[in-house]
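J.: Quick one: sequence and predicted model below, then my questions.
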Amino acid sequence: MSRKLLVIDDDTDVLKGLTVRLKANGYAVAQAVDGMQAILAARRERPDLILLDIGLPGGDGYSVMERLRSMRPLARIPIVVLTALDPATHQERALQAGAAAFLQKPVENEALLGAIRGALGDSGAPPPAAKARGVG
């Protein structure tokens, strides 16, 4: 059975690109484009992992993480932050807010998949605070 990922990003091109990449690697993918949809989709889909952008309308990524962490059935879902925002400003904050990993957009496929595997506890993954640049 494939793992289900929830991808939350307000940029539809990024959302489509990530969805194609993840499906090509055997993941089932659900999507949300803002903070409100993110919470609803997480409750409905119960994903194994969430890929979360920080700069979202309807509640930024930090407020989404805070809400998810306060909801008992969703609190333990690993979150990988994937953002174009400055890592010097946001990496530490994201990790302290409960992110399993922080990735800088654009992200190379292997770095993305490695962070996902690591957050899911699968073998062969990079350290949790992996940052990468590349395609994405």
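T.: Arrived safely. Numbers count the residues shown, from 1 in each chain.
J.: Low-confidence regions, the chain specifically.
T.: Filtered on pLDDT under 70, the chain yields the residue ranges 123-136.
J.: do that again at 50, thanks
T.: Within the chain, the segments meeting pLDDT under 50 span 124-136.
J.: what ranges do the strands span in it?
T.: Using DSSP state E, the strands assigned to the chain run over residues 4-8, 28-32, 49-52, 79-83, 101-104.
J.: contacting residues around the residue nearest to the spatial centre of the chain?
T.: Nearest to the mean C-alpha position of the chain, by C-alpha atoms, centre = their mean, lies Leu51 at 1.3 Å. Contact analysis of Leu51 by C-beta atoms under 8 Å, 6 or more residues apart in numbering lists 5-9, 18, 79-80, 82, 116. Bear in mind the C-beta positions are built from the backbone N, C-alpha and C, glycine included.
J.: Could you dump those into CSV and include distance to Ala24?
T.: As requested, the contacts of Leu51 are exported to CSV (distance: C-beta to C-beta, whole Å):
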residue, distance to Ala24
Leu5, 13
Leu6, 17
Val7, 14
Ile8, 20
Asp9, 18
Leu18, 11
Ile79, 22
Val80, 18
Leu82, 17
Ile116, 13
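J.: Buried ones in stretch 61-76, by neighbour count?
T.: Residues of stretch 61-76 classed as buried: 61-62, 64-65, 68, 74 (neighbour count, 16 or more other C-beta atoms under 10 Å).
J.: Quick one: the contacts of Leu51 as TSV, columns for distance to Asp34 and neighbour count too.
T.: Below are these laid out as TSV (distance: C-beta to C-beta, whole Å; neighbours: other C-beta atoms under 10 Å):
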residue	distance to Asp34	neighbour count
Leu5	18	24
Leu6	13	24
Val7	13	28
Ile8	8	26
Asp9	10	27
Leu18	16	24
Ile79	16	26
Val80	18	25
Leu82	16	27
Ile116	22	24
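J.: Looking at those residues, which one is closest to Leu56?
T.: Among the contacts of Leu51, Ile8 lies closest to Leu56 (C-beta to C-beta), at 6.8 Å.
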